[in-house]
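1. Sharing a model prediction with you, sequence too.
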Amino acid sequence: MTIISWIILGLLAGGMAKFLLPGRDPGGLIGTTLIGVAGAFIGGWISARWLDHPITKDFYDGTTWVAAIGGSLVLLVAYRILFGHSRN
């Protein structure tokens, strides 16, 4: 997959993470989508590095999507823990 594909996947993964964890986020829509992009990269890296399941070059691979959404969820939870108290 190209870098553009990872960005698109990250935007969609950020939307799915927001859907799975509803509520107010400190960063709003832009912050959530950026967390989704970063989560896609981190989830893919973790999957390839430590889980011994390399990410394929296919955009529609289920493992790629699970890794991206999982990475986004982890980052979104961490972001809410670190910065969630600053916004009412």
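-> Arrived safely. Residues are numbered from 1 along each chain as shown.
2. Helix or strand for Ser5, just tell me which one.
-> Taking DSSP states H and E as the criterion, the element that holds Ser5 is helix 3-20.
3. elements contacting that helix?
-> Under the contact criterion of 3 or more CB pairs under 8 Å, 6 or more residues apart in numbering; DSSP states H and E, helix 3-20 touches helix 28-49, helix 62-83. C-beta coordinates here come from the backbone N, C-alpha and C atoms, glycine included.
4. what's stretch 62-75 in contact with?
-> Residues from elsewhere that reach stretch 62-75, judged by CB atoms under 8 Å, 6 or more residues apart in numbering: 1, 9-10, 12-14, 16-17, 20-21, 35-36, 38-44, 46-47, 53, 55-56, 58.
5. Mind putting the helices and strands packed on helix 3-20 into JSON lines with mean neighbour count?
-> Formatted as JSON lines, the helices and strands packed on helix 3-20 follow (neighbours: other CB atoms under 10 Å):
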{"stretch": "helix 28-49", "mean neighbour count": "19"}
{"stretch": "helix 62-83", "mean neighbour count": "19"}
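6. Let's have those helices in JSON lines, adding distance to Ser5.
-> Shown next, in JSON lines, are those (distance: least, CB to CB, whole Å):
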{"stretch": "helix 28-49", "distance to Ser5": "10"}
{"stretch": "helix 62-83", "distance to Ser5": "9"}
